[in-house]
Each structure stands twice: as structure tokens, then as C-alpha cells.
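>>> could you look at this predicted model? Sequence included:
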Amino acid sequence: MVSWQMRGVAVATRVLYRRRYVTEAAGIRALNRPKGPSAPPRSLPHTSTTVNGFTVHKIGDNDRQPAVVYLHGGAYTSEIVRQHWALIGHLAERTGLEVHVPIYGLSPRHHGLEALELVTAVVRGLGRPCYLAGDSAGGGLALLATQATDTVAGLTMIAPWLDLTMSNPGIDAVEPHDPWLFRAGLRPIAAAWTGGLALDDPRLSPIHGDLGGLPPTQILVGTRDITLPDCRLLRDRLPARTPLTYHEQEGAIHVYPLLPVPEAEAGRRAIVEHIRATMA
């Protein structure tokens, strides 16, 4: 018998996951696809500013409190979508904090160091403690920005892309069970994002960077997600003194807290609780 939970995963898979990255040719098509709009939905009140020539949207208005900076996923080549905005609105409402959303430039026109420069400028420009959160590629970028600055008070990564080389041997066992992410299609995207640097440059692949001195850190990942082996590797490499909240959701697919599946509610609640506890 198929459980309601597994039916939810199947529906999410059909609706949200188009097997876009199955082959190298599919990855190249994703790179070359025209980018869509990136503005928040009209139902989400916001203001916007410009930093380093890029738009930064702000949800909420509470500049006397710490802020959250959220970085969206999409393999560094796909724009922010409604599932991201739904989570961002949820975080703003449930934490009572402003959520700043930098719309970083996407590959192939833009590259990783440019995105990192933008995010660090946003973090430093706040002039107050902030909490970084991101999913998938945005989760990797959130860790990179945390490594590059000293003002990040907390960090949440949802199935982060931690290593552009995707060379972890553990991926071999997980990849057949991931309904969306395939290394063949992600490799040309990763190469385009480097701007000519090595894939394992620590400014692009944070698993190779300095993991000391991180703030309270949260990682959420499903067991049917090729980011899982590197999430485990990061967990094991973090110094014992790093306050870490690590959660693997059995049977869950990529970035499950953003999806219309039963386990997403607990994931979102855990993120809100971690932000509240860290920034209290």
C-alpha cells in the first residue's frame, strides 16, 4: 500500500521536478533558457533597493531587530520561484524579522564570485546581526557568505550544494533514488558558474573552505537527495564546538521544506524555531 506521505512526494515530484538535469545537453539547455521574473508576488508586501547593481527585496519592516537574509536555490541558473517566496513569507511572519532577498545574477551571464560579493555587501550593509538561510545552491552560497564575513549570527542550509565538483563517492548510491538532480546535467552548470576558477575553489565550493568559527548552524536534507553525502561530510567535518542542528528526513526529496508534502511542515517549523532561538 502506498502511504499518503509517499503519494505527496510523488505529486510534488510530478509538479515541481521536470528532470531538467538528466543529461549534459539538458544542463546546457537549462543554462540557455531565458530567465523569468524575480519580483515577489503581489500578495507579499515588500520594498526594494539596489546593491552592487542587483535588486534586493525586503519582506517586513522591523529595522530595530536582527534580520534574515534568504538566498534562493535553482542551480545558480534558475530564477527565484513561488515556492521560495512562500517560505520567505512564512519566515517573515513567524519570526517577526525582516527577510532580505538578494536577487543575485544567474549563470551563464554571471558567476560565483559576483554573487558572493553581492551577498557579503548585503550582510555588511545591514549594520546589525543577521541570520543567513538558503536552499540548494542558495544554501551553498549562504555558507560561503558566512565564511567570508564575521557578522552572521546563525545559518540554515536546506539541502545545500556544497561542492561543485560533485566528486563525493557517496553520491553514487544516492543518485538513482533522486528524482530530479543528476550530476551529468549539473556539470556544465557548475563549470559556467566558476568564471574560470577551479570547481574546488573554496570561494565557490564551501566544503573546501574554512569550517572553523561558524555560528549556530542548521542543516536539513532528505535521504533521496544527491546533496546528502556532502551534507553528511560537512556534519562530520565541523568542529565539535560548532553548535549544529542536523536533520535527515527519511525518504524526502530535494529541498523538501519548500514542497507541498507532509514532512515540509515540520521542516519549516524547525527553521523558524532555530532562527528564533539563535536570534533571541
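Done, it's in.

>>> now the strands: where do they sit in this structure?
Secondary structure of the chain (DSSP state E): strands located at 46-51, 54-59, 67-71, 98-102, 130-135, 152-158, 217-222, 244-249.

>>> could you measure from Thr146 over to Leu164?
18 Å (C-beta to C-beta, to the nearest Å). Where you see a C-beta, it was placed from the backbone N, CA and C, and this is true even at glycine.

>>> picking up where we left off before, how about the strands of the chain in JSON lines, adding mean neighbour count?
Output for the strands of the chain, formatted as JSON lines (neighbours: other C-beta atoms under 10 Å):
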{"stretch": "strand 46-51", "mean neighbour count": "13"}
{"stretch": "strand 54-59", "mean neighbour count": "20"}
{"stretch": "strand 67-71", "mean neighbour count": "25"}
{"stretch": "strand 98-102", "mean neighbour count": "24"}
{"stretch": "strand 130-135", "mean neighbour count": "26"}
{"stretch": "strand 152-158", "mean neighbour count": "25"}
{"stretch": "strand 217-222", "mean neighbour count": "26"}
{"stretch": "strand 244-249", "mean neighbour count": "16"}
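
>>> any chance of those in TSV with mean pLDDT and distance to Ala198 as columns?
Shown next, in TSV, are the strands of the chain (pLDDT from 0 to 100; distance: least, C-beta to C-beta, whole Å):
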stretch	mean pLDDT	distance to Ala198
strand 46-51	98	27
strand 54-59	98	25
strand 67-71	98	22
strand 98-102	98	25
strand 130-135	98	23
strand 152-158	98	22
strand 217-222	98	25
strand 244-249	98	28
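
>>> select, out of those, the one closest to Ala30.
Closest of the strands of the chain to Ala30 is strand 130-135, at 17.2 Å (criterion: C-beta to C-beta).

>>> residues contacting the most centrally placed residue in the chain?
Taking C-alpha atoms, centre = their mean, the centroid of the chain lies closest to Asp135, which sits 1.9 Å from it. The contact partners of Asp135, taken as C-beta atoms under 8 Å, 6 or more residues apart in numbering, are Leu71, His72, Gly73, His84, Leu87, Met157, Ile158, Ala159, Pro160, Val255, Pro257, Leu258.

>>> which residues does it bridge with?
Counting by DSSP bridges, Asp135 is bridged to Ile158.

>>> that one and Thr151, how far apart?
According to C-beta to C-beta, Asp135 and Thr151 sit 22 Å apart.
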